[in-house]
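**Student:** next input, structure requested:
(2 chains)
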Amino acid sequence: MSAAANKTRLVEEMKAQSGQDPSQCFQCAKCSAACPVTAAMDLLPHQVIRYLQMGMEEELLKSKTPWICASCFTCAARCPRDLDLARMMEGIRLSMLRCREGNKFGPADLTPEQLEKLPQQALVSGFRKYNK
Amino acid sequence: MARTGVFVCHCGTNIAGTVDIDQSVEASRGFPGVVHAGEYRYLCSEMGQDLIKNAIEEHNLDRVVVGTCSPRMHENTFRKAAAEAGLNPYMLEVANIREHCSWVHREMDEATPKAIALLRAAAAKVALNDPLDIPELDVEKRALIIGGGIAGIQAALDIAEAGYVVDIVEREPSIGGRMAQLEKTFPTLDCSACILTPKMVEAAQHPNVNLITYSEIDEVKGFVGQFDVKIRQKARSVDSVKCTGCGICWEKCPSKAPSEFEMGMAKRKAIYVPFPQAVPNVPVIDRDNCLYFKKGRCQICAKECPPEAIDFEQQDVVIERRYGAIIVATGFDQLDPSIYGEYGYGQHPDILTGLEFERLFNASGPTGGKVVRLSDGKPPRNVVFIQCIGSRDKARGMNYCSKICCMFTAKQAILLKEKVPDARSYVFYIDVRTAGKGYEEFQRRAAEEYDVAYLRGQVGKIFPEEDHLVVHGVDSLSGKIVEIKADMVVLAAASIARCDAPEVGRKVGINSDSYHFFNEAHPKLRPVETHTAGVFIAGACQAPKDIPDTVAQASAAAVKAIGLLSKEKLQGEACTAEVIQDECSGCLNCIAVCPYTAITEVEIEERHHGGTLKRTVAQVNPSLCQGCGSCTATCRSGSINLKGFTNEQILAEVDAICL
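**Tutor:** Take a look at the predicted model:
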């Protein structure tokens, strides 16, 4: 665990992407209590933020939770700290792709097999990124 | 020609660290009118003051400039020192070379010329200073307390015991406030009414305390020592003198309305006392719900009343009275949790706020003291308490911690276990905050001895299912989603400012924070004073507060009021505005901007070409003027001067700085 460094690449990238600051969270966990898809998550939403606060980048990269997130924004609607966790999740997904894979491909470079394997959320992220 | 002395303070290294003191002293010697300049490490010390006093004598100084900290800190200290050496205290000026200079600059070569400029400005101003007299004001030996809760009652009793007359103005028909609604008090679990009602009775019986209930403040004018207050005593429709409080009227009254005291969970009659121990025990007729006032018939209360105390013709009465001091103790409201759709408050009878749940324990409450579900009258087995409803919520609620909820929740969980032994309590919390004497121990007792399950997390949604409520939450410590089949849910709704706090603040002339809680003059050192002299605050109108803190603050406010009332005369403001009536054009714009209604129009006679001419001009009442300077800034012809800050003096300062 790299708890000392909050300023890991993933966290910084996520902050830049989402405009949300995980240090604002005081871990009331209302996001997790409200989330409709926690049953399929390996980390609860509030734990994802905790991992960001602790700079636990490697552990977070292994988690499926950001890819399970349905972007329903219930967490954002409930958060007493006015944090938009859905946006953070999106930021994490983008950052994960960038940290792990780099910016290697454009949509045209993907083969049909790759497209089949690619998670839906990554496609959404990709479209958002390339549509700018 | 002025004989000015300039004294520059090092303030340890606070000033000397950034400002070259020697250079400043040297430069000061060259200012017009300056005959002496000196420096000292701490001018505010006795040695420093002696230095000034000796120099005044030795060099025959008639004016003094001190280059020190802000005048808010030590202006009085130095004025007193100058007065002790025989000068008029207003012949001294402070050049603020700490807050305005050394503290905000890093480089000595930049800060030093600025300090010199500030000293030069002060020297230029002081050369034009005139001796001013401090007016003396009378003090009306009577205090007004707005709000008759525990804060108001405590303050009133303290002031009354000190020998001064005090009036409590209470909006409701009875004094008692929020504390009267509570069943037990934490952390000792003594019965709230048992400790409150003796104080209510004491206030009613004390010869120095007047209760003005069912009344509100209409208007506050005047100033410290002489506040002129209009109090609207609403028509009670019952003659307080004749009424014996026998209760026949409210027994016989046929119309009902939701009881405010019972948070709407029970009905009261149209003629009612809010609760059995009400003080005064005189009912009021709620005219909106009374059959006679609505439809012109009934009058059963009047027919049944043995002493014939019912008076349908009674009108509102405006009491006009003068007070020396005012204490504002208007208390708090509870946030309405229906803004949170996920909790379902207002949509199900078994989802209650903390204050509503509290009433279920009370023998005179809506359930006669039985803790039962309002839906089916059965005792609850599983009760879920949720903390921080609207507190610590900057998105939809209040950003602050309401301070009392952790403790009242622990209290209610303990009381529940005692009333319903097989009940189980669950508390969803973000943090348990129990700072206070005996508080932590109390909360731990709830968790350890009363089997209260504390779950660190929040609730995402509550929905009814069959005969219970499903509470969907999370325990963040185990990282597990928790679902509880609850019979009742209690929401610890935030304590918020009274909805009409801004209006009260405006009337009394005190300001409040962004949540509408009244502001104290200093968060640490002047906790019960306000920025308006003579007005003090106590209790939860200042911030969420528990009973011990409220009572302590009320006694503190009382001491401040007593200190004020005990003075024979008050020192008024020397720096007041003055109209040069020869130059005044009579536009009277100054009247519109004066926040203290100190300016009036007056007709003067002038000689004009051999005849006399009548002309309207402005006139300042110096005992009302607080010296804010709005009028001088507004005056188009520059014919209003603020004493001590005349237009000439200000321009001399500007010139000196621009040199």
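**Student:** in stretch A:81-96, what's buried?
**Tutor:** For stretch A:81-96, the neighbour count (16 or more other CB atoms under 10 Å in any protein chain shown) marks A:81, A:83-96 as buried. Where you see a C-beta, it was placed from the backbone N, CA and C, and this is true even at glycine.
**Student:** can you narrow those residues down to the ones near chain B?
**Tutor:** The subset of these within reach of chain B, by CB under 8 Å from any CB of the partner chain, is A:R81.
**Student:** got the residues of chain A near chain B?
**Tutor:** When proximity is defined by CB under 8 Å from any CB, chain A lies next to chain B at A:26-35, A:38-39, A:43-44, A:46-47, A:74, A:78-82.
**Student:** burial count for the closest residue to chain A within the stretch 551-659 of chain B?
**Tutor:** Closest contact between the stretch 551-659 of chain B and chain A, by CB to the nearest CB, is at B:Q553 (28.4 Å). By the criterion of other CB atoms under 10 Å in any protein chain shown, B:Q553 has 25 neighbours.
**Student:** just B:P198 next, same as before
**Tutor:** 10.
**Student:** and if you look at B:D133?
**Tutor:** Applying other CB under 10 Å, we find 10 residues neighbouring B:D133.
**Student:** and the closest residue to it other than its chain neighbours, what pLDDT?
**Tutor:** Distances taken as CB to CB, 6 or more residues apart in numbering or on different chains place B:A574 nearest to B:D133, at 6.5 Å, with adjacent residues excluded. pLDDT, B:A574: 92.
**Student:** next one: B:C658
**Tutor:** pLDDT, B:C658: 89.
**Student:** name the SS class of residue 122, please.
**Tutor:** All of this is about chain A. Here A:A122 is helix, with the state taken from DSSP: H, G, I helix; E, B strand; the rest coil.
**Student:** assign a three-state SS to the closest residue to it other than its chain neighbours, would you?
**Tutor:** Closest residue to A:A122 apart from its sequence neighbours, by CB to CB, 6+ apart: A:L97 at 6.1 Å. For A:L97, the assignment made with three-state DSSP gives helix.
**Student:** can I assume A:L97 is in contact with A:L118?
**Tutor:** No - counting by CB atoms under 8 Å, A:L97 stays clear of A:L118, with 10.0 Å between them.
**Student:** just to revisit the earlier point, test my guess that the residue of the stretch 551-659 of chain B closest to chain A contacts B:G539.
**Tutor:** Yes - with contact defined as CB under 8 Å, B:Q553 counts as touching B:G539 (6.3 Å).
**Student:** mutual contacts of those two, please.
**Tutor:** Applying CB atoms under 8 Å, 6 or more residues apart in numbering or on different chains, one finds that B:Q553 and B:G539 are jointly contacted by B:A151, B:K545.
**Student:** so where's chain A shaky on pLDDT?
**Tutor:** Applying pLDDT under 70 to chain A picks out residues A:1-7, A:99-107, A:123-132.
**Student:** the closest residue to B:S255 other than its chain neighbours - how many residues pack around it?
**Tutor:** Among residues not flanking B:S255 along the chain, B:A270 sits closest, at 4.3 Å (CB to CB, 6+ apart). B:A270: 26 surrounding residues under other CB under 10 Å.
**Student:** tell me who's in contact with B:A270.
**Tutor:** B:C253, B:S255, B:K256, B:A257, B:I285, B:D286, B:N289, B:C290, B:L291.
**Student:** if we can go back for a sec, okay, A:L97 and A:L118: which has more neighbours?
**Tutor:** Legend: neighbour count by other CB under 10 Å for A:L97 and A:L118, higher for A:L97 (21 against 14).
**Student:** if I look at that one, how far off is B:P527?
**Tutor:** Using CB to CB, to the nearest Å, we find A:L97 at a distance of 54 Å from B:P527.
**Student:** again with B:T244
**Tutor:** 43 Å.
**Student:** the more surrounded of those two?
**Tutor:** Shown here are B:T244 and B:P527; by other CB under 10 Å, B:P527 has more neighbours (19 against 12).
**Student:** hmm, B:Q553 and that one touching each other?
**Tutor:** Yes - B:P527 is in contact with B:Q553 according to CB under 8 Å; the separation is 7.0 Å.
**Student:** reduced to three states, what does the residue nearest to B:G354 when sequence neighbours are not counted come out as?
**Tutor:** The spatially closest residue to B:G354, leaving aside those adjacent along the chain, is B:A492, at 5.0 Å (CB to CB, 6+ apart). Assigned state for B:A492: strand (three-state reduction, three-state DSSP).
**Student:** residues contacting B:A492?
**Tutor:** Applying CB under 8 Å, 6+ apart, the residues contacting B:A492 are B:T353, B:G354, B:F385, B:I386, B:Q387, B:C388, B:I389, B:S391, B:S402, B:C405, B:F408, B:T409.
**Student:** could you dump those residues to a markdown table with secondary structure, distance to B:G67 and pLDDT?
**Tutor:** Conversion of those to a markdown table gives the following (DSSP: H, G, I helix; E, B strand; the rest coil; distance: CB to CB, whole Å; pLDDT from 0 to 100):
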| residue | secondary structure | distance to B:G67 | pLDDT |
| --- | --- | --- | --- |
| B:T353 | strand | 58 | 98 |
| B:G354 | helix | 56 | 98 |
| B:F385 | strand | 59 | 98 |
| B:I386 | strand | 58 | 98 |
| B:Q387 | strand | 53 | 97 |
| B:C388 | strand | 50 | 97 |
| B:I389 | strand | 54 | 97 |
| B:S391 | coil | 47 | 98 |
| B:S402 | coil | 47 | 98 |
| B:C405 | helix | 51 | 98 |
| B:F408 | helix | 54 | 98 |
| B:T409 | helix | 56 | 98 |
